[in-house]
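Q: Need the 3D shape of this:
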Amino acid sequence: MEEYLARIAEAGSLLESGTGEEHVLKQIQDYLESLKQDASPQLLISLAVEILNGEGFSDAAKLIAMHLWRDGVIKTRWQTLDEHTASVAKTQLLKLLRKPGWRRNVAETLALVAADIAVRDWPQRWPTFIDELVEIGCSGDDQAKIACAAIRFLGDEVVNSQETIVASRKQKISAAIVVSLQIIFPFLCGLATQEYTKRQTEQHDADLLLAALSAIEALVNFSPLRVVFEFNVFDACVHLLADEELRGSALDCLDIIVSTRGTPEMREFSLLSTNLNQ
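A: Below you'll find the model as predicted:
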């Protein structure tokens, strides 16, 4: 384990500094590719968790570790894992998502790891995923951003992913998202309202509000119109047009709501869900 950690740390330092000679960088690339292909899933997961929890590892090393986790395990061998290993990995991931203070690129990649696992396991093998994600998002601003990113990536994965495993589960995940909107939208809309109020009363950046809006935009593809209007998503987006910094995200949401964007399959699914629930 120590040798692997040292090599990944070295690779991260060289990539971050940009000072390595071309042949050295090629050796690092070949080593990481070999590790991704040959190491056991358990080892790759353990390395990622150790590096993300450890002191002294660069952001580049953390990104490398998550790349190995995603491409060496989740996208290639996740379905072969035994239930215990998969459960431990998800528990460790949730602990990482709860930690504040991640730099943006690390936080977003962690959110991507969560979405990658969710499109394979949720809801059947990870029924508590959305409840846990919302609970994490309510614990602080950093955690709220990472929860919003995970929700956004989940929606984006279902709509845009070319992976066979995702395509085969698209209908189930879409249905699960529709059911979960009653949990997700109160969190996202409440967060957006809270952040917008702060912007009206004090100097406050728009980062968290934009994160919430991006997540809402990703979910509107799946949302029956009754849910969109129940949570005042349309009215809120119209209201946000007055804020220049938020206007682009608000327009994107409105664009999908009026069905000028979004895939035909998602719009058809949304209308079907609306009819079934009337």
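
Q: Any chance of the backbone angles for Thr128?
A: Its backbone dihedrals place Thr128 at phi -90, psi 0, with angles given as degrees, to the nearest 10.

Q: That one and Asp38, how far apart?
A: To Asp38, Thr128 is 33 Å away according to CB to CB, to the nearest Å. Just so you know, the C-beta spots here come from the backbone N, C-alpha and C atoms, and that holds for glycine as well.

Q: ditto for Leu241
A: Counting by CB to CB - Leu241 and Asp38 are separated by 53 Å.

Q: Looking at those two, which is more packed in?
A: Neighbours were tallied for Leu241 and for Asp38 using other CB atoms under 10 Å; the higher tally belongs to Leu241 (13 against 9).

Q: wouldn't that one be in contact with Ser249 here?
A: No: look at Leu241 against Ser249 with CB atoms under 8 Å: they stay out of range, at 10.2 Å.

Q: what's the offset of the helix or strand harbouring Glu217 from the middle of its chain?
A: Secondary structure from DSSP states H and E places Glu217 in helix 207-220. Here helix 207-220 shows a centroid-to-chain-centroid distance of 12 Å under the convention CA atoms, centre = their mean, to the nearest Å.

Q: other SSEs contacting the strand or helix carrying Thr91?
A: Of the helices and strands defined by DSSP H and E, Thr91 is found in helix 83-98. Using 3 or more CB pairs under 8 Å, 6 or more residues apart in numbering; DSSP states H and E as the contact criterion, the secondary-structure elements in contact with helix 83-98 are helix 41-53, helix 104-121, helix 129-137, helix 141-160.

Q: where exactly do the helices run in the stretch 151-278 of the chain?
A: Under the criterion DSSP state H, counting those that start in this stretch, the stretch 151-278 of the chain contains helices at 164-201, 207-220, 225-230, 233-240, 247-257, 264-276.

Q: Just the C-alpha atoms of the fifth one, please, in PDB.
A: What follows is helix 247-257 as a C-alpha-only set of coordinates in PDB (Å, rounded to 0.1, in the frame of the first residue of the first chain):
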ATOM      1  CA  ARG A 247     -29.900  35.100 -15.700                       C
ATOM      2  CA  GLY A 248     -28.100  32.500 -17.800                       C
ATOM      3  CA  SER A 249     -29.000  29.600 -15.400                       C
ATOM      4  CA  ALA A 250     -32.600  30.900 -15.000                       C
ATOM      5  CA  LEU A 251     -33.000  31.000 -18.800                       C
ATOM      6  CA  ASP A 252     -31.700  27.500 -19.100                       C
ATOM      7  CA  CYS A 253     -34.300  26.200 -16.700                       C
ATOM      8  CA  LEU A 254     -37.100  28.100 -18.400                       C
ATOM      9  CA  ASP A 255     -35.900  26.800 -21.800                       C
ATOM     10  CA  ILE A 256     -36.300  23.200 -20.700                       C
ATOM     11  CA  ILE A 257     -39.600  23.800 -18.900                       C
END
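
Q: got the buried residues for it?
A: Buried residues in helix 247-257, defined by neighbour count with 16 or more other CB atoms under 10 Å: 249-250, 252-254, 256-257.
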